[in-house]
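Participant: sequence-free structure coming up:
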């Protein structure tokens with residue numbers, strides 16, 4: 001948990017001026033963005049500076065994390081957004097991955113016996129992605145700036161590259177042996193098999209082209225057309241079952257958050273997955289705060305905030321997404 005909290009603090013981008021050491025809080029009158037990568041947080045802060053809403057900043061930060069934080073940021077997974085507007089009721093957006101139409105109760109049991117490798121490290125482990133649909137739905141209802149404006153920073157980061165941090169370098173090295181059997185992953189995250197060192201530039205031209213299609217066509221740029229065809233081709237070639245129809249039929253869902261209190265403060269949390277009922281704010285442990293909850297002090301009521309959490313997904317054989325321990329980003333903007 002300590003590692004998660006430190007990452008959030010280090011990746012804090014504000015429209016104000018950060019003062020002194022990292023132990024001093026960063027303050028801002030206009031808004032603040034916190035994610036697990038400083039570059040992505042700055043992308044979100046720039047959106048607020050340009051007049052965007054908290055959801056605008058969340059969308060831009062999310063796409064930027066798909067480039068700069070491959071350990072968890074992704075466009076081939078899913079997640080949740082909990083949004084509290086300056087006035088009115090909070091709302092949750094559910095865009096978890098969904099099972100493809102051909103999924104069955106025995107698909108991870110070749111020969112009648114459960115196989116963890118098939119379950120976690122094959123294309124049968126992959127759910128129909130929800131991230132692009134979920135971010136777009138939230139933007140459609142709560143956004144202000146043009147969609148392309150929010151995706152373009154991520155395109156530039158993927159196309160032109162960004163500086164590899166020590167943490168990213170160590171992360172990629174730690175999974176290089178596991179990636180060896182996946183040529184797409186090796187091509188994307190190594191230099192022909194040589195690991196990236198801190199300070200080097202990582203470029204992802206294939207991802208840049210995918211993001212360009214999303215910027216130009218919205219969700220159709222991912223769930224239809226060239227990107228969908230490439231996903232289906234990969235599935236057919238390597239034992240997966242996701243089809244273009246699965247992609248076209250995916251829909252993100254707007255939900256009503258669960259309300260409660262946490263240590264005496266009002267809290268709005270997302271509902272759990274459909275088969276596990278609802279979260280209960282009063283039952284959350286202190287360590288849950290950085291995973292799935294953003295409580296707020298009831299002091300001014302004049303800010304709007306959005307919290308995005310992407311749960312731990314299954315590994316992606318195609319290189320679209322790597323296994324991770326969770327992503328949490330938080331955006332707060334002043335009343336407009």
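Facilitator: Good, I have the coordinates. All of these numbers come straight from a predicted model, not from anything done at the bench.

Participant: and residue 107, what does it touch?
Facilitator: By C-beta atoms under 8 Å, 6 or more residues apart in numbering, the contact set of residue 107 is 118, 124, 241. In this view, the C-beta of every residue, glycine as well, is placed from N, C-alpha and C.

Participant: who wins for neighbours among those?
Facilitator: residue 124 (24 neighbours; other C-beta atoms under 10 Å).

Participant: residue contacts, it?
Facilitator: 107, 108, 118, 239, 240, 241.

Participant: what number of residues lie near the second one?
Facilitator: Summarising burial for residue 108: neighbours were counted as other C-beta under 10 Å, giving 18.

Participant: element containing it, please.
Facilitator: Of the helices and strands defined by DSSP states H and E, none includes residue 108.

Participant: Which two of the contacts of residue 124 have the greatest separation?
Facilitator: Using C-beta to C-beta, the two most remote members of the contacts of residue 124 are 108 and 240, lying 13.1 Å apart.

Participant: Verify the assumption that residue 167 is located in a helix.
Facilitator: Yes: under DSSP: H, G, I helix; E, B strand; the rest coil, residue 167 sits within a helix.

Participant: Just the pLDDT at it, thanks.
Facilitator: For residue 167, the model assigns a pLDDT of 94.

Participant: Tell me, how many residues neighbour it?
Facilitator: Residue 167: 16 neighbours (other C-beta under 10 Å).

Participant: Name the nearest residue to residue 229, ignoring sequence neighbours.
Facilitator: Distances taken as C-beta to C-beta, 6 or more residues apart in numbering put residue 244 closest to residue 229, at 7.0 Å, once the chain neighbours are dropped.

Participant: I should have written residue 207 there, sorry.
Facilitator: Per C-beta to C-beta, 6+ apart, closest to residue 207 is residue 158, 4.4 Å.

Participant: Tell me where the stretch 1-150 of the chain has helices.
Facilitator: Using DSSP state H, counting those that start in this stretch, the helices of the stretch 1-150 of the chain run over 2-10, 38-49, 54-68, 116-120, 131-142, 147-160.

Participant: where does the stretch 151-300 of the chain have low pLDDT?
Facilitator: Scanning the stretch 151-300 of the chain with the threshold set as pLDDT under 70 gives 268-300.
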